[in-house]
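Asker: After the sequence you'll find the predicted model.
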Amino acid sequence: MYKIIFNTEKFQDKKRRDWEHQLMNDFAIAINGKAFICETDLDLKNRLAFIAGNAFSDKNEDLSVIWDEYHNNEDNYFDLKNDRYNHQRLKYGMYGIAQGYVDFDEVLIKLGKENAVEIPFNSFYDLRQGNFFKGCFIEIIKSW
């Protein structure tokens, strides 16, 4: 069994110039401490895939079915409201379109050797996307 926790404690919360950067700021603050329990390795891979913005299946299942399971679960989303960006519904995952790469199998290998693994947000993003979420990471804790 695994526990995934969003950790954004070190993110610098401040007023941003434009509405989208303010939304990104508020997003980082809002997800801090959000946790999910994954009972199996496959659950963990599916959760990480959803966080990254895609779907995963090692059983040749239809990826759209797996995506729909996560996409239609209200517990995977939260709302932010602000005069600058109005009402936004965001997922508990990477903001926007994450174009980086996280090797889910490598994460499981590390968890086989260690009780916890940290994945920095910038691992989910391509270098060209910048590093707005400095200090933010996802912690995965193995608990048996």
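Answerer: Structure's in. What do you need? Just so it is clear, the structure is predicted and the values come from calculations on it, not from any experiment. Numbering: from 1, shown residues only.
Asker: tell me the contacts of the most centrally placed residue in the chain?
Answerer: Most central in the chain under Cα atoms, centre = their mean is residue 93, positioned 2.9 Å from the mean C-alpha point. By Cβ atoms under 8 Å, 6 or more residues apart in numbering, residue 93 lies in contact with 50, 51, 52, 53, 76. Glycine gets a C-beta too; all of them are placed from N, C-alpha and C.
Asker: Quick check: residue 53 touching residue 95?
Answerer: No: with contact taken as Cβ atoms under 8 Å, residue 53 and residue 95 are classed as non-touching, separated by 9.7 Å.
Asker: and the contacts of residue 93, which two are the farthest apart?
Answerer: By the measure Cβ to Cβ, 52 and 76 form the most distant pair in the contacts of residue 93, at 13.2 Å.
Asker: Looking at these two, which is more packed in?
Answerer: More crowded of residue 52 and residue 76, by other Cβ atoms under 10 Å: residue 52, with 21 against 18.
Asker: quick revisit: out of residue 53 and residue 95, which sits in the more crowded spot?
Answerer: Shown here are residue 53 and residue 95; by other Cβ under 10 Å, residue 95 has more neighbours (20 against 16).
Asker: Tell me where the model's unsure across this protein.
Answerer: The chain contains residues with pLDDT under 70 at 55-63, 144.
Asker: Helices along that one, start to end?
Answerer: For the chain, applying DSSP state H gives helices covering 19-31, 41-52, 63-71, 104-113.
Asker: How much space separates the residue of the chain most remote from its centre from residue 102?
Answerer: Going by Cα atoms, centre = their mean, the residue of the chain most distant from its centre is residue 83, 25.5 Å out. Distance, residue 83 to residue 102, by Cβ to Cβ, to the nearest Å: 35 Å.
Asker: Make sure residue 80 is actually in contact with residue 88.
Answerer: Yes: counting by Cβ under 8 Å, residue 88 is a contact partner of residue 80 at 4.9 Å.
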